[in-house]
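Participant: got a sequence here, can you build the structure:
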Amino acid sequence: MLVLAAALPASGALAVWGLRRKPYAHWIGAGAAGLAFAAVALLPVGRDTGALIAGDGATWWHRVAIPWAPSLHLDFALAVDGVSWTLALLTALLGVLCCLHNAVGAEQRAADLYGADQASASASLQPASAPLQEPAGSVENGGTPGGGDPVTGVHAAGPATSGHLQVATGASGSLQDGAGSVEIGGPPLAAAPVHGVPSGAGGEERDGWQSPVLTALLLAVQAASTLVFLADNLVLFFIAFEAVLLPMWAIVHRFGDPRTRRRAAAKFALFTIAGSLLMATGLFVAIADTGTADLGAIIAAGGVSSGVSLLVFSLLAIGFAVKAPLWPLHSWLPDAHTAAPTVGSVLLAGVLLKLGTYGLIRVAGGLAPEGAADAAPVLAVLAAVGIVVAGLVCLRLPELKRLIAYSSVGHMGFVVLAFAAGTEAGLRAALFGNLAHGLVTPLLFFLAGALKARTRTGSLTALGGLRLAAPALAGLLGFAALASLGLPGLAGFWGEAFTVYAAAERGGAWLLLAAAAAFGAFLAAAYLLRMLKHVSHGSVAPAAFGIGDVSAAEAAVWSPLVAGTLLLGLVPGPLLALFAEGHL
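Facilitator: Next up is the predicted model:
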């Protein structure tokens, strides 16, 4: 099962790529992701019967080790315990949801384009002398005259040919302003459909909804990330960590917002590569010092020697802090989130950030515990500053996805501060907050993406009245916002509350850091309620007028995240018990 957990999404990615011109390619990807989820979900089976498997002094639920390149300290060694399993399960869950989101979206997109093509064909049969019919956005029905954009008023009509008006039709059937609309904030829309096929079909379409290549990239990210969480060999860990970079870069660079995707992808790559160089140096110093690359064995032995402990931890911590991200190494994240397609933002928040925090807690903290203790005050101060700075920035941000992205900087600050506290309560708070963020923030990005697709804008000032226009969507957005601000009874509460407790428990100057974290929680409530005020309340904004509410397919994709947020908030005990089985 350990091998299948990573092999199934990797095989799925290759299959989808090979069959990318087939209409069912998306569903092959969704099936592979579903099988991978089942494989990960079954990993705890047997842990209570024979008890736990010992591997070189480390205790795991299950472990497999296959020699690969012993002279390079490289073995294909995988292992799982309560800490790594929860993150592998989260990765598998988000992989399934993202692939389903893509598959359902592609089906709907194809149906809409086919319907638009039929309507266009019918209109072209009208005689040239026929009177011009006013489209859905006419003055009579309250829309924009002349078929213009309902938000901007920009006319979508192209040049008249043969006496009749030709227009481009978007996914919803409403008039759009042509391919590459800057109002959408995502991948360019396909040009006017021809015979039900979007422009560019037959190759790899540049429309993120249409291309199975995006599904293949999602599966590649899932496979590499799962390997990171299950790796018990430091060289394998590094290879898998780096393998995440290329498909994630491609998701942002190819399928992101045309206005910003290239710059955001380049910034993401540069920050990640720089951090990885430092991380690699730290890993190789640890291997040279201990004579082994076995992660579990090094942790069980107490880590590296005292002479290099601070050096190893510093190198690893900086490398992982880039991915987490920790202030002031966070500036790539808002750009990447804002430019990425919805599924890209979901994986960034729910999976990639977890690579950084998992590496910091298990790898850096496990390999160099003495260095972690020495560097804890610096780490804690940076985390506390990041919490406050992120909150203050979010109070002024005018764009929905960018606001959610910056909120992640604050939430990850809580995770790092809890880890830096170095207490049992702090470690549990870090692990719990890490997982809770992986449920709540992806839900927020799914909702933001749905809202942006409907209204064609993410500007808070252009939105309003969502509770009247789409009450179910507004209710889900309110639920996710309350979970993100740490409302008791929802998943976000426990990690943040016990982070403040863990910092205060240290006493002395740590009381100031606890106060800063508490103030950051207050800021989170302020900016999220401000967001809800702009988006959900007031009169219905022109951008939100007539938009559809939550569909059955959307509800099916989002419901696991809603259920998980409720479950962790109301019953945190089982998850904390799993963490107790972890090897840290």
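Participant: all strands of this structure, in order?
Facilitator: Remark: strands assigned in the chain by DSSP state E are 53-55, 58-60, 62-69, 74-80.
Participant: helices or strands next to the last one in the packing?
Facilitator: Using 3 or more C-beta pairs under 8 Å, 6 or more residues apart in numbering; DSSP states H and E as the contact test, the elements touching strand 74-80 are helix 2-18, strand 58-60, strand 62-69, helix 212-230, helix 234-243. Just so you know, the C-beta spots here come from the backbone N, C-alpha and C atoms, and that holds for glycine as well.
Participant: 10 Å - rerun?
Facilitator: Helices and strands touching strand 74-80, as assessed by 3 or more C-beta pairs under 10 Å, 6 or more residues apart in numbering; DSSP states H and E, comprise helix 2-18, strand 53-55, strand 58-60, strand 62-69, helix 212-230, helix 234-243, helix 295-300.
Participant: count of residues packed around the nearest residue to Ile298 once chain neighbours are set aside?
Facilitator: Excluding the flanking residues, the one nearest Ile298 by C-beta to C-beta, 6 or more residues apart in numbering is Thr290, at 5.3 Å. By other C-beta atoms under 10 Å, 20 other residues sit near Thr290.
Participant: then the one 4 residues further on?
Facilitator: Around Asp294 sit 24 other residues, with neighbours defined as other C-beta under 10 Å.
Participant: show me what it is bridged to.
Facilitator: Counting by DSSP bridges, Asp294 is bridged to Asn233.
Participant: quick one: the helices in the stretch 1-150 of the chain?
Facilitator: Listed in chain order, the helices of the stretch 1-150 of the chain (DSSP state H, counting those that start in this stretch) span 2-18, 25-41, 82-124.
Participant: tell me which of those is the most buried.
Facilitator: Counting by mean count of other C-beta atoms under 10 Å, helix 25-41 has the highest mean neighbour count of the helices of the stretch 1-150 of the chain, with a mean of 23.
Participant: so which elements touch that helix?
Facilitator: helix 2-18, helix 82-124, helix 212-230.
Participant: that one vs strand 74-80, what angle?
Facilitator: 70 degrees (axes from the mean of the first three to the mean of the last three C-alpha atoms, to 10 degrees).
Participant: re earlier: could I get the helices of the stretch 1-150 of the chain as CSV with distance to Phe498 and mean pLDDT?
Facilitator: Putting the helices of the stretch 1-150 of the chain into CSV (distance: least, C-beta to C-beta, whole Å; pLDDT from 0 to 100) gives the following:
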stretch, distance to Phe498, mean pLDDT
helix 2-18, 30, 89
helix 25-41, 27, 91
helix 82-124, 17, 78
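Participant: right, and these - which one's nearest Ala269?
Facilitator: helix 2-18 (19.9 Å; C-beta to C-beta).
Participant: Ala38: what's it in contact with?
Facilitator: Applying C-beta atoms under 10 Å, 6 or more residues apart in numbering to Ala38 gives the contacts 1, 4-5, 8, 92, 96.
Participant: where do the helices sit along the stretch 451-584 of the chain?
Facilitator: Going by DSSP H, counting those that start in this stretch, the stretch 451-584 of the chain shows helices at 466-469, 471-484, 491-506, 510-536, 552-570, 573-580.
Participant: what about the stretch 451-584 of the chain, any weak spots by pLDDT?
Facilitator: 582-584 (pLDDT under 70).
Participant: quick one on the thing from earlier: now tabulate the helices and strands packed on strand 74-80 in JSON lines and tack on distance to Cys394.
Facilitator: Shown next, in JSON lines, are the helices and strands packed on strand 74-80 (distance: least, C-beta to C-beta, whole Å):
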{"stretch": "helix 2-18", "distance to Cys394": "33"}
{"stretch": "strand 53-55", "distance to Cys394": "44"}
{"stretch": "strand 58-60", "distance to Cys394": "40"}
{"stretch": "strand 62-69", "distance to Cys394": "41"}
{"stretch": "helix 212-230", "distance to Cys394": "26"}
{"stretch": "helix 234-243", "distance to Cys394": "29"}
{"stretch": "helix 295-300", "distance to Cys394": "36"}
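Participant: how near is Ile387 to Ala516?
Facilitator: Applying C-beta to C-beta, to the nearest Å, the value for Ile387 to Ala516 is 6 Å.
Participant: overlap of the contact sets of these two?
Facilitator: 413, 417.
Participant: who has more neighbours out of these two?
Facilitator: Ile387 (30 against 21).
Participant: what about the residue lying closest to Thr455 once chain neighbours are set aside, how many neighbours?
Facilitator: In space, and not counting its chain neighbours, Thr455 is closest to Ala543: 4.0 Å by C-beta to C-beta, 6+ apart. Burial of Ala543 is recorded as 25 neighbouring residues (other C-beta under 10 Å).
Participant: CSV for the contacts of Ala38, including distance to Ala266?
Facilitator: Formatted as CSV, these follow (distance: C-beta to C-beta, whole Å):
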residue, distance to Ala266
Met1, 38
Leu4, 35
Ala5, 32
Leu8, 32
Ala92, 30
Val96, 30
